[in-house]
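pasting a predicted model and its sequence here:
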Amino acid sequence: MDAVADRDFLVEYHASAAVAMMHISRLAEEIVIWSSREFGFVALAEEFTTGSSIMPQKRNPDFAEIARGKTGRVYGHLMGILTVLKGLPLTYNRDLQEDKEGFFDTVDTVLSTLGVFADMLSGMELDADRVESLAGESYMLATDMADYLVGKGVPFREAHGVMRRLCRYCEESGTALSDLPLTEYHKFSSDFGADVFDITAAASVAARDNPGGTAPIAPSVLAADFGRLAQQVRDADAAGADLIHVDVMDGRFVSNISFGEVVVDCIRSATDLPLNLHLMVHEPDRLLPGLMKVSSDQVLVHAEACAHLHRTIGLIKENGNQVGVAINPATPISAVEEVLPDLDIVLVMTVNPGFGGQSFIPAALGKLRRLYDVIQEHGYPVQLEVDGGVKADATARDSVAAGAEILVAGTAIFNREQSVAEAIAALRDAANGVAPGQ
Ligand SMILES: O=C(CO)[C@H](O)[C@H](O)COP(=O)(O)O
(Lines give C-alpha, C1' and ligand atoms only; values in the text may rest on other atoms or scores of the structure.)
Protein backbone atom coordinates (compact mmCIF):
# COMPACT_ATOMS: atom_id res chain seq x y z
CA MET A 1 0.00 0.00 0.00
CA ASP A 2 2.77 2.32 0.96
CA ALA A 3 4.73 1.47 -2.20
CA VAL A 4 1.99 2.57 -4.60
CA ALA A 5 1.60 5.84 -2.75
CA ASP A 6 5.30 6.65 -2.50
CA ARG A 7 6.48 9.59 -4.60
CA ASP A 8 9.98 10.09 -3.14
CA PHE A 9 11.48 9.49 -6.57
CA LEU A 10 9.46 12.39 -7.94
CA VAL A 11 10.40 14.69 -5.08
CA GLU A 12 14.06 13.83 -5.66
CA TYR A 13 13.74 14.51 -9.39
CA HIS A 14 12.07 17.88 -8.74
CA ALA A 15 14.76 18.75 -6.16
CA SER A 16 17.60 17.90 -8.57
CA ALA A 17 15.90 19.87 -11.34
CA ALA A 18 15.53 22.83 -8.97
CA VAL A 19 19.23 22.70 -8.07
CA ALA A 20 20.20 22.52 -11.76
CA MET A 21 17.96 25.50 -12.57
CA MET A 22 19.34 27.46 -9.61
CA HIS A 23 22.84 27.16 -11.16
CA ILE A 24 21.55 28.02 -14.62
CA SER A 25 19.81 31.04 -13.13
CA ARG A 26 22.97 32.27 -11.43
CA LEU A 27 24.94 31.92 -14.65
CA ALA A 28 22.10 33.68 -16.49
CA GLU A 29 22.31 36.55 -14.02
CA GLU A 30 26.07 36.88 -14.70
CA ILE A 31 25.45 36.85 -18.46
CA VAL A 32 22.84 39.60 -18.14
CA ILE A 33 25.41 41.70 -16.26
CA TRP A 34 28.46 40.77 -18.37
CA SER A 35 26.64 41.53 -21.63
CA SER A 36 25.39 44.93 -20.44
CA ARG A 37 26.88 47.97 -22.13
CA GLU A 38 28.44 49.05 -18.83
CA PHE A 39 30.38 45.80 -18.36
CA GLY A 40 30.85 44.72 -21.98
CA PHE A 41 32.66 41.51 -21.01
CA VAL A 42 30.75 39.27 -23.43
CA ALA A 43 28.70 39.57 -26.61
CA LEU A 44 25.86 37.16 -27.26
CA ALA A 45 25.11 35.88 -30.76
CA GLU A 46 22.34 37.88 -32.39
CA GLU A 47 19.85 35.01 -32.35
CA PHE A 48 20.04 34.92 -28.53
CA THR A 49 19.14 38.56 -28.08
CA THR A 50 16.06 40.58 -29.01
CA GLY A 51 15.53 44.24 -29.68
CA SER A 52 13.72 46.60 -27.36
CA SER A 53 10.28 47.73 -28.56
CA ILE A 54 11.06 51.37 -27.77
CA MET A 55 14.87 51.59 -27.85
CA PRO A 56 16.06 50.43 -31.30
CA GLN A 57 19.76 50.39 -30.35
CA LYS A 58 19.27 47.88 -27.52
CA ARG A 59 20.00 44.13 -27.70
CA ASN A 60 18.43 42.47 -24.69
CA PRO A 61 19.81 39.16 -23.37
CA ASP A 62 16.29 37.72 -23.37
CA PHE A 63 17.20 34.06 -23.37
CA ALA A 64 19.29 34.48 -20.23
CA GLU A 65 16.48 36.45 -18.59
CA ILE A 66 13.86 33.87 -19.58
CA ALA A 67 16.04 31.03 -18.23
CA ARG A 68 16.35 32.94 -14.95
CA GLY A 69 12.57 33.34 -14.88
CA LYS A 70 11.86 29.69 -15.62
CA THR A 71 13.77 28.74 -12.47
CA GLY A 72 10.90 30.05 -10.38
CA ARG A 73 8.50 27.79 -12.26
CA VAL A 74 10.64 24.69 -11.58
CA TYR A 75 10.93 25.64 -7.87
CA GLY A 76 7.13 25.99 -7.88
CA HIS A 77 6.63 22.42 -9.08
CA LEU A 78 8.91 21.14 -6.28
CA MET A 79 6.79 22.98 -3.72
CA GLY A 80 3.66 21.69 -5.53
CA ILE A 81 4.49 18.01 -5.20
CA LEU A 82 5.67 18.40 -1.58
CA THR A 83 2.40 20.12 -0.74
CA VAL A 84 0.31 17.45 -2.49
CA LEU A 85 2.08 14.75 -0.45
CA LYS A 86 2.16 16.37 2.94
CA GLY A 87 -1.30 15.48 4.22
CA LEU A 88 -1.85 12.11 2.54
CA PRO A 89 -2.42 8.86 4.46
CA LEU A 90 0.03 6.02 3.83
CA THR A 91 -1.69 4.65 0.74
CA TYR A 92 -2.87 5.74 -2.67
CA ASN A 93 -5.35 8.60 -2.79
CA ARG A 94 -6.73 10.42 -5.81
CA ASP A 95 -4.71 13.54 -4.92
CA LEU A 96 -1.74 11.75 -6.46
CA GLN A 97 -3.11 12.44 -9.93
CA GLU A 98 -1.69 15.91 -9.37
CA ASP A 99 1.86 14.49 -9.55
CA LYS A 100 1.93 14.43 -13.39
CA GLU A 101 1.46 17.93 -14.71
CA GLY A 102 4.25 19.56 -12.72
CA PHE A 103 6.61 16.68 -13.45
CA PHE A 104 6.11 16.80 -17.23
CA ASP A 105 6.42 20.55 -17.23
CA THR A 106 9.65 20.38 -15.21
CA VAL A 107 11.18 17.85 -17.63
CA ASP A 108 10.25 20.02 -20.64
CA THR A 109 11.46 23.22 -18.98
CA VAL A 110 14.81 21.87 -17.78
CA LEU A 111 15.67 20.04 -21.01
CA SER A 112 14.75 22.94 -23.27
CA THR A 113 16.58 25.46 -21.04
CA LEU A 114 19.75 23.33 -20.97
CA GLY A 115 19.63 22.95 -24.76
CA VAL A 116 19.19 26.67 -25.39
CA PHE A 117 21.83 27.54 -22.81
CA ALA A 118 24.41 25.23 -24.38
CA ASP A 119 23.88 26.89 -27.79
CA MET A 120 23.92 30.36 -26.29
CA LEU A 121 27.18 29.73 -24.40
CA SER A 122 28.96 28.25 -27.39
CA GLY A 123 28.13 31.36 -29.44
CA MET A 124 29.05 33.82 -26.69
CA GLU A 125 32.20 35.84 -27.34
CA LEU A 126 34.46 37.04 -24.57
CA ASP A 127 36.07 40.44 -25.00
CA ALA A 128 39.41 39.20 -23.65
CA ASP A 129 41.17 42.55 -24.09
CA ARG A 130 38.57 44.41 -22.06
CA VAL A 131 38.47 41.75 -19.32
CA GLU A 132 42.26 41.66 -19.14
CA SER A 133 42.62 45.43 -19.03
CA LEU A 134 40.13 45.65 -16.13
CA ALA A 135 41.58 42.66 -14.28
CA GLY A 136 44.78 44.50 -13.38
CA GLU A 137 43.00 47.72 -12.36
CA SER A 138 41.90 48.91 -8.97
CA TYR A 139 43.21 46.90 -6.02
CA MET A 140 42.59 43.43 -7.46
CA LEU A 141 46.22 42.46 -6.95
CA ALA A 142 46.48 43.65 -3.32
CA THR A 143 46.00 40.11 -1.98
CA ASP A 144 48.67 38.78 -4.34
CA MET A 145 51.00 41.49 -3.04
CA ALA A 146 50.25 40.45 0.55
CA ASP A 147 51.03 36.84 -0.44
CA TYR A 148 54.23 38.11 -2.06
CA LEU A 149 55.29 39.67 1.27
CA VAL A 150 54.45 36.39 3.03
CA GLY A 151 56.82 34.72 0.55
CA LYS A 152 59.51 37.12 1.82
CA GLY A 153 58.93 35.97 5.39
CA VAL A 154 56.42 38.66 6.55
CA PRO A 155 53.56 37.19 8.68
CA PHE A 156 50.23 37.44 6.81
CA ARG A 157 48.64 39.64 9.48
CA GLU A 158 51.47 42.18 9.02
CA ALA A 159 51.41 41.86 5.20
CA HIS A 160 47.65 42.48 5.26
CA GLY A 161 48.21 45.66 7.29
CA VAL A 162 50.94 46.88 4.89
CA MET A 163 48.63 46.40 1.91
CA ARG A 164 45.68 48.05 3.67
CA ARG A 165 47.81 51.16 4.35
CA LEU A 166 49.23 51.09 0.82
CA CYS A 167 45.78 50.89 -0.78
CA ARG A 168 44.50 53.73 1.41
CA TYR A 169 47.53 55.81 0.40
CA CYS A 170 46.81 55.11 -3.29
CA GLU A 171 43.15 56.05 -2.84
CA GLU A 172 44.01 59.33 -1.16
CA SER A 173 46.70 60.26 -3.68
CA GLY A 174 44.66 59.03 -6.67
CA THR A 175 47.42 56.67 -7.86
CA ALA A 176 47.11 53.07 -9.04
CA LEU A 177 49.18 50.45 -7.20
CA SER A 178 50.93 49.60 -10.46
CA ASP A 179 51.98 53.26 -10.97
CA LEU A 180 53.76 53.61 -7.63
CA PRO A 181 57.55 53.58 -7.92
CA LEU A 182 59.51 51.14 -5.77
CA THR A 183 60.65 53.98 -3.49
CA GLU A 184 56.99 54.55 -2.52
CA TYR A 185 56.47 50.85 -1.83
CA HIS A 186 59.51 50.99 0.46
CA LYS A 187 57.76 53.56 2.65
CA PHE A 188 55.38 50.78 3.65
CA SER A 189 57.75 47.79 3.74
CA SER A 190 61.42 47.33 2.99
CA ASP A 191 60.59 43.75 1.89
CA PHE A 192 59.25 44.96 -1.46
CA GLY A 193 61.70 44.31 -4.28
CA ALA A 194 61.63 45.16 -7.99
CA ASP A 195 59.93 41.80 -8.58
CA VAL A 196 56.72 43.22 -7.05
CA PHE A 197 56.07 44.58 -10.56
CA ASP A 198 55.96 41.00 -11.84
CA ILE A 199 52.62 40.62 -10.04
CA THR A 200 50.12 40.87 -12.86
CA ALA A 201 46.59 39.60 -13.37
CA ALA A 202 47.93 36.71 -15.50
CA ALA A 203 50.49 35.79 -12.83
CA SER A 204 47.74 35.94 -10.20
CA VAL A 205 45.59 33.46 -12.12
CA ALA A 206 48.58 31.19 -12.75
CA ALA A 207 49.49 31.22 -9.05
CA ARG A 208 46.13 29.74 -8.03
CA ASP A 209 47.04 26.17 -8.72
CA ASN A 210 45.12 24.05 -6.24
CA PRO A 211 44.94 20.30 -5.68
CA GLY A 212 42.40 19.04 -8.18
CA GLY A 213 43.28 21.96 -10.44
CA THR A 214 45.58 21.75 -13.40
CA ALA A 215 48.76 19.67 -13.45
CA PRO A 216 52.00 21.17 -12.12
CA ILE A 217 53.80 23.11 -14.82
CA ALA A 218 57.56 22.72 -15.15
CA PRO A 219 59.02 25.31 -17.56
CA SER A 220 62.08 23.86 -19.28
CA VAL A 221 64.92 26.40 -19.26
CA LEU A 222 66.39 24.71 -22.33
CA ALA A 223 64.25 27.15 -24.32
CA ALA A 224 65.11 30.18 -22.14
CA ASP A 225 67.26 33.08 -23.29
CA PHE A 226 70.57 31.94 -21.74
CA GLY A 227 71.81 35.53 -21.71
CA ARG A 228 69.05 36.30 -19.17
CA LEU A 229 68.77 32.87 -17.63
CA ALA A 230 68.41 33.89 -13.97
CA GLN A 231 65.77 36.51 -14.88
CA GLN A 232 63.80 34.01 -16.99
CA VAL A 233 63.82 31.57 -14.07
CA ARG A 234 62.56 34.35 -11.78
CA ASP A 235 59.87 35.22 -14.35
CA ALA A 236 58.68 31.60 -14.37
CA ASP A 237 58.70 31.50 -10.58
CA ALA A 238 56.71 34.76 -10.32
CA ALA A 239 54.25 33.50 -12.94
CA GLY A 240 53.32 30.52 -10.77
CA ALA A 241 55.49 27.71 -12.18
CA ASP A 242 55.52 24.73 -9.83
CA LEU A 243 58.93 23.34 -10.76
CA ILE A 244 61.83 24.41 -12.96
CA HIS A 245 62.80 21.72 -15.46
CA VAL A 246 66.55 21.62 -16.09
CA ASP A 247 67.93 19.53 -18.96
CA VAL A 248 71.54 18.44 -18.42
CA MET A 249 72.93 16.95 -21.66
CA ASP A 250 76.35 15.40 -22.06
CA GLY A 251 76.87 15.11 -25.83
CA ARG A 252 77.02 11.34 -25.41
CA PHE A 253 73.68 9.98 -24.28
CA VAL A 254 72.20 12.68 -26.50
CA SER A 255 74.13 14.46 -29.22
CA ASN A 256 73.58 17.90 -27.74
CA ILE A 257 75.55 19.50 -24.88
CA SER A 258 73.48 21.90 -22.76
CA PHE A 259 75.11 22.81 -19.44
CA GLY A 260 76.46 21.30 -16.24
CA GLU A 261 76.93 21.94 -12.56
CA VAL A 262 77.92 25.64 -12.74
CA VAL A 263 74.80 26.65 -14.66
CA VAL A 264 72.61 24.43 -12.50
CA ASP A 265 73.99 26.31 -9.47
CA CYS A 266 73.07 29.61 -11.11
CA ILE A 267 69.50 28.38 -11.75
CA ARG A 268 69.36 27.02 -8.21
CA SER A 269 70.19 30.39 -6.70
CA ALA A 270 67.61 32.23 -8.86
CA THR A 271 64.59 30.44 -7.34
CA ASP A 272 63.32 28.58 -4.30
CA LEU A 273 61.18 26.31 -6.49
CA PRO A 274 62.27 22.66 -6.63
CA LEU A 275 64.36 21.88 -9.71
CA ASN A 276 63.21 18.98 -11.86
CA LEU A 277 66.70 17.89 -12.93
CA HIS A 278 66.50 15.81 -16.08
CA LEU A 279 69.87 14.14 -16.64
CA MET A 280 70.28 13.14 -20.26
CA VAL A 281 73.74 11.80 -19.52
CA HIS A 282 75.41 8.45 -19.93
CA GLU A 283 76.05 6.74 -16.53
CA PRO A 284 74.96 9.71 -14.38
CA ASP A 285 76.37 8.39 -11.05
CA ARG A 286 79.61 10.36 -11.38
CA LEU A 287 77.73 13.67 -11.86
CA LEU A 288 75.20 13.16 -9.07
CA PRO A 289 77.26 14.54 -6.14
CA GLY A 290 77.82 17.84 -7.98
CA LEU A 291 74.16 18.21 -8.98
CA MET A 292 72.33 17.02 -5.87
CA LYS A 293 73.10 20.04 -3.69
CA VAL A 294 69.57 20.59 -2.40
CA SER A 295 67.49 17.65 -1.24
CA SER A 296 64.20 19.31 -2.25
CA ASP A 297 65.19 18.96 -5.93
CA GLN A 298 63.92 16.07 -8.03
CA VAL A 299 66.53 14.08 -9.92
CA LEU A 300 65.60 12.10 -13.03
CA VAL A 301 67.90 9.72 -14.87
CA HIS A 302 67.30 7.81 -18.10
CA ALA A 303 66.61 4.07 -17.88
CA GLU A 304 68.56 3.67 -21.15
CA ALA A 305 71.62 5.48 -19.74
CA CYS A 306 72.14 3.46 -16.54
CA ALA A 307 73.79 0.05 -16.49
CA HIS A 308 72.74 -0.36 -12.86
CA LEU A 309 69.52 1.60 -12.62
CA HIS A 310 68.56 0.21 -9.21
CA ARG A 311 71.89 1.36 -7.73
CA THR A 312 71.61 4.84 -9.27
CA ILE A 313 68.10 5.23 -7.85
CA GLY A 314 69.48 4.24 -4.43
CA LEU A 315 72.21 6.92 -4.63
CA ILE A 316 69.63 9.62 -5.31
CA LYS A 317 67.32 8.46 -2.54
CA GLU A 318 70.19 8.28 -0.05
CA ASN A 319 70.69 11.99 -0.60
CA GLY A 320 67.04 12.61 0.29
CA ASN A 321 66.01 13.73 -3.22
CA GLN A 322 62.87 12.64 -5.01
CA VAL A 323 63.86 10.29 -7.78
CA GLY A 324 62.52 9.79 -11.27
CA VAL A 325 63.32 7.63 -14.25
CA ALA A 326 62.83 8.89 -17.80
CA ILE A 327 62.12 6.68 -20.80
CA ASN A 328 62.52 7.51 -24.49
CA PRO A 329 59.64 7.17 -26.95
CA ALA A 330 60.88 3.74 -28.14
CA THR A 331 61.51 2.34 -24.65
CA PRO A 332 58.78 0.04 -23.33
CA ILE A 333 57.26 0.49 -19.88
CA SER A 334 58.89 -2.77 -18.77
CA ALA A 335 62.15 -0.76 -18.48
CA VAL A 336 60.78 0.86 -15.31
CA GLU A 337 58.25 -1.65 -14.01
CA GLU A 338 60.68 -3.44 -11.66
CA VAL A 339 61.74 -0.18 -10.00
CA LEU A 340 58.33 1.50 -9.80
CA PRO A 341 58.01 0.87 -6.03
CA ASP A 342 61.21 2.94 -5.51
CA LEU A 343 60.23 5.88 -7.69
CA ASP A 344 58.54 9.21 -7.15
CA ILE A 345 58.29 10.13 -10.85
CA VAL A 346 58.34 8.46 -14.25
CA LEU A 347 59.09 10.82 -17.11
CA VAL A 348 57.65 9.71 -20.42
CA MET A 349 59.52 11.46 -23.23
CA THR A 350 57.11 12.67 -25.89
CA VAL A 351 60.00 13.57 -28.25
CA ASN A 352 63.34 11.93 -28.79
CA PRO A 353 65.57 13.68 -26.24
CA GLY A 354 68.29 16.14 -27.13
CA PHE A 355 66.59 19.25 -28.47
CA GLY A 356 63.72 21.53 -27.62
CA GLY A 357 61.11 22.67 -30.11
CA GLN A 358 60.31 19.24 -31.57
CA SER A 359 56.84 17.91 -32.32
CA PHE A 360 54.95 15.87 -29.74
CA ILE A 361 54.83 12.14 -30.60
CA PRO A 362 51.15 11.13 -30.15
CA ALA A 363 52.03 7.42 -29.88
CA ALA A 364 53.63 8.15 -26.50
CA LEU A 365 50.13 8.73 -25.10
CA GLY A 366 49.26 5.03 -25.29
CA LYS A 367 52.37 4.20 -23.27
CA LEU A 368 51.53 6.90 -20.76
CA ARG A 369 48.06 5.46 -20.30
CA ARG A 370 49.44 1.92 -19.83
CA LEU A 371 51.88 3.14 -17.19
CA TYR A 372 49.10 5.07 -15.48
CA ASP A 373 47.01 1.88 -15.30
CA VAL A 374 49.92 -0.12 -13.79
CA ILE A 375 50.58 2.62 -11.22
CA GLN A 376 46.89 2.78 -10.27
CA GLU A 377 46.58 -0.98 -10.07
CA HIS A 378 49.42 -1.22 -7.54
CA GLY A 379 48.65 2.06 -5.79
CA TYR A 380 52.23 3.33 -6.19
CA PRO A 381 52.64 7.00 -5.21
CA VAL A 382 54.37 7.74 -8.51
CA GLN A 383 53.72 10.89 -10.55
CA LEU A 384 53.82 10.73 -14.33
CA GLU A 385 55.58 13.52 -16.20
CA VAL A 386 55.60 14.34 -19.91
CA ASP A 387 58.34 16.24 -21.71
CA GLY A 388 58.71 17.32 -25.30
CA GLY A 389 56.46 19.27 -27.64
CA VAL A 390 53.85 20.00 -24.95
CA LYS A 391 51.84 23.11 -25.85
CA ALA A 392 48.67 24.88 -24.71
CA ASP A 393 46.52 22.63 -26.89
CA ALA A 394 45.49 18.98 -27.23
CA THR A 395 49.04 17.86 -26.37
CA ALA A 396 48.62 19.17 -22.80
CA ARG A 397 44.99 18.04 -22.52
CA ASP A 398 45.57 14.55 -23.89
CA SER A 399 48.66 14.08 -21.71
CA VAL A 400 46.71 14.91 -18.55
CA ALA A 401 43.83 12.71 -19.69
CA ALA A 402 46.28 9.84 -20.20
CA GLY A 403 47.61 10.25 -16.65
CA ALA A 404 50.34 12.93 -16.74
CA GLU A 405 50.59 14.93 -13.53
CA ILE A 406 53.58 17.11 -14.41
CA LEU A 407 53.75 18.98 -17.71
CA VAL A 408 57.19 20.08 -18.95
CA ALA A 409 57.18 22.79 -21.60
CA GLY A 410 60.09 24.71 -23.07
CA THR A 411 59.29 26.59 -26.26
CA ALA A 412 55.61 26.88 -25.28
CA ILE A 413 56.70 28.98 -22.28
CA PHE A 414 59.88 30.80 -23.29
CA ASN A 415 59.06 32.38 -26.63
CA ARG A 416 58.72 35.77 -28.30
CA GLU A 417 54.94 35.64 -28.80
CA GLN A 418 53.88 35.73 -25.16
CA SER A 419 55.19 36.66 -21.73
CA VAL A 420 56.17 33.75 -19.51
CA ALA A 421 53.14 34.49 -17.31
CA GLU A 422 50.73 34.46 -20.27
CA ALA A 423 52.23 31.21 -21.56
CA ILE A 424 51.95 29.47 -18.19
CA ALA A 425 48.36 30.69 -17.80
CA ALA A 426 47.51 29.40 -21.30
CA LEU A 427 49.02 26.00 -20.54
CA ARG A 428 47.06 25.71 -17.30
CA ASP A 429 43.95 26.78 -19.13
CA ALA A 430 44.46 24.13 -21.80
CA ALA A 431 44.70 21.33 -19.23
CA ASN A 432 42.08 22.76 -16.89
CA GLY A 433 39.18 20.52 -16.00
CA VAL A 434 40.79 17.37 -17.40
CA ALA A 435 41.20 14.77 -14.68
CA PRO A 436 44.19 12.41 -14.90
CA GLY A 437 43.26 9.10 -16.40
CA GLN A 438 39.91 10.30 -17.78
O1 LIG B 1 64.13 17.46 -22.80
C2 LIG B 1 63.80 17.87 -23.86
C3 LIG B 1 64.56 17.60 -25.06
O4 LIG B 1 65.51 16.67 -24.77
C5 LIG B 1 62.51 18.61 -23.99
O6 LIG B 1 62.03 18.51 -25.24
C7 LIG B 1 62.53 20.03 -23.50
O8 LIG B 1 62.78 20.07 -22.12
C9 LIG B 1 61.17 20.69 -23.71
O10 LIG B 1 61.21 21.46 -24.80
P11 LIG B 1 59.96 21.73 -25.76
O12 LIG B 1 58.80 21.98 -24.89
O13 LIG B 1 60.40 22.94 -26.52
O14 LIG B 1 59.78 20.51 -26.61
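Right, received. Where do you want to start?

who's in contact with the residue in the chain that the ligand sits nearest to?
Residue nearest to the ligand within the chain (Cβ to the nearest ligand atom): Gly410, separated by 2.8 Å. Heads up, the C-betas are built off the backbone N, CA and C, glycines and all. By Cβ atoms under 8 Å, 6 or more residues apart in numbering, the contact list for Gly410 reads Pro219, Ser220, Val221, Leu222, Ala223, His245, Gly356, Gly357.

and it, how far is that from Arg168?
Separation of Gly410 from Arg168 (Cβ to Cβ, to the nearest Å) stands at 43 Å.

returning to that earlier point: can you select the buried ones among the contacts of Gly410 for me in ChimeraX?
Of these, the buried ones go into a single ChimeraX selection, burial set by 16 or more other Cβ atoms under 10 Å:
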select :219,220,221,222,223,245,356
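
out of the contacts of Gly410, which touch the ligand?
Contacts with the ligand within these, as defined by Cβ under 6 Å from any ligand atom: Ser220, Leu222, Ala223, His245, Gly356, Gly357.

got the residues you listed as TSV, with distance to Ser173 and secondary structure columns?
Shown next, in TSV, are those (distance: Cβ to Cβ, whole Å; DSSP: H, G, I helix; E, B strand; the rest coil):
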residue	distance to Ser173	secondary structure
Ser220	43	strand
Leu222	45	helix
Ala223	42	helix
His245	43	strand
Gly356	46	coil
Gly357	47	coil
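
that older thread, okay, the residue of the chain closest to the ligand: pLDDT?
At Gly410, the model reports a pLDDT of 98.

do Arg428 as well
Note for Arg428: predicted pLDDT of 88.

surely Thr411 meets Gln358?
No - the criterion here is Cβ atoms under 8 Å, and Thr411 misses it with Gln358 at 9.0 Å.

and the strands in this structure?
Under the criterion DSSP state E, the chain contains strands at 42-43, 50-51, 59-60, 125-126, 217-219, 244-249, 275-280, 298-302, 322-327, 345-349, 383-387, 406-409.

reformat those as JSON lines; add distance to Pro181.
Below are these laid out as JSON lines (distance: least, Cβ to Cβ, whole Å):
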{"stretch": "strand 42-43", "distance to Pro181": "36"}
{"stretch": "strand 50-51", "distance to Pro181": "50"}
{"stretch": "strand 59-60", "distance to Pro181": "44"}
{"stretch": "strand 125-126", "distance to Pro181": "34"}
{"stretch": "strand 217-219", "distance to Pro181": "29"}
{"stretch": "strand 244-249", "distance to Pro181": "30"}
{"stretch": "strand 275-280", "distance to Pro181": "34"}
{"stretch": "strand 298-302", "distance to Pro181": "39"}
{"stretch": "strand 322-327", "distance to Pro181": "42"}
{"stretch": "strand 345-349", "distance to Pro181": "43"}
{"stretch": "strand 383-387", "distance to Pro181": "41"}
{"stretch": "strand 406-409", "distance to Pro181": "34"}
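
can you flag the weakest of those strands by average pLDDT?
Ranked by mean pLDDT, the strands of the chain end with strand 50-51 at the bottom, a mean of 81.

give me the contacts around it.
Contacts with strand 50-51, where a contact means Cβ under 8 Å, 6+ apart, come from Lys58, Arg59, Asn60, Asp62.

just give the closest residue to Arg369, not the sequence neighbours.
Distances taken as Cβ to Cβ, 6 or more residues apart in numbering put Ala402 closest to Arg369, at 4.4 Å, once the chain neighbours are dropped.

read off the pLDDT value for Ala203.
pLDDT, Ala203: 71.

give me the number of residues near it?
Burial of Ala203, expressed as a neighbour count using other Cβ atoms under 10 Å, amounts to 23.

and Leu182, by the same measure?
The local packing of Leu182 (other Cβ under 10 Å) involves 11 other residues.

could you find the closest non-adjacent residue to Arg370?
In space, and not counting its chain neighbours, Arg370 is closest to Ile333: 5.7 Å by Cβ to Cβ, 6+ apart.

that neighbour: neighbour count?
Neighbours around Ile333, by other Cβ under 10 Å: 18.
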